[in-house]
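S.K.: Sharing a model that was predicted from the sequence below.
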Amino acid sequence: MKILKVSVMLLCLALFVVFGTGCTEQKKKSKETGEAISDAVKNAEKNINGAVLKMQDKADQLEKVDK
């Protein structure tokens, strides 16, 4: 009976360690994914700002030509 209790306790401990490690890995992957999304949004924002500046320059040039 004592061997059964020790076996169950060891099994529970092993499962706890396995699940704890799995959760840590999932947290790390989620953080990396979040950072990748954040970087993508920042790059998109830079590209949009650059495009807006180019369009503004073109609009200014067209206004000068029309005058």
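M.R.: That came through, no problem. Residues are numbered from 1 along each chain as shown.

S.K.: Would you mind checking the average pLDDT for stretch 42-58?
M.R.: For stretch 42-58, the per-residue pLDDT values average out at 93.

S.K.: mind checking how far it is from the chain centre?
M.R.: The chain centroid and the centroid of stretch 42-58 are separated by 24 Å under C-alpha atoms, centre = their mean, to the nearest Å.

S.K.: could you pull out the helices for this structure?
M.R.: If DSSP state H is used as the criterion, the helices of the chain fall at 2-66.

S.K.: The most centrally placed residue in the chain and K46: what is the separation?
M.R.: Centrality entry for the chain: nearest residue to the mean C-alpha point is G34, 1.4 Å, by C-alpha atoms, centre = their mean. Taking C-beta to C-beta, to the nearest Å as the criterion, G34 is separated from K46 by 19 Å. The C-beta positions use only the backbone N, C-alpha and C, and glycine is treated the same way.

S.K.: try K54
M.R.: When C-beta to C-beta is applied, the distance between K54 and K46 equals 13 Å.

S.K.: Likewise for K5?
M.R.: Where K46 is concerned, K5 sits at a distance of 62 Å (C-beta to C-beta).

S.K.: cool, and K28?
M.R.: From K28 to K46 the distance is 27 Å (C-beta to C-beta).
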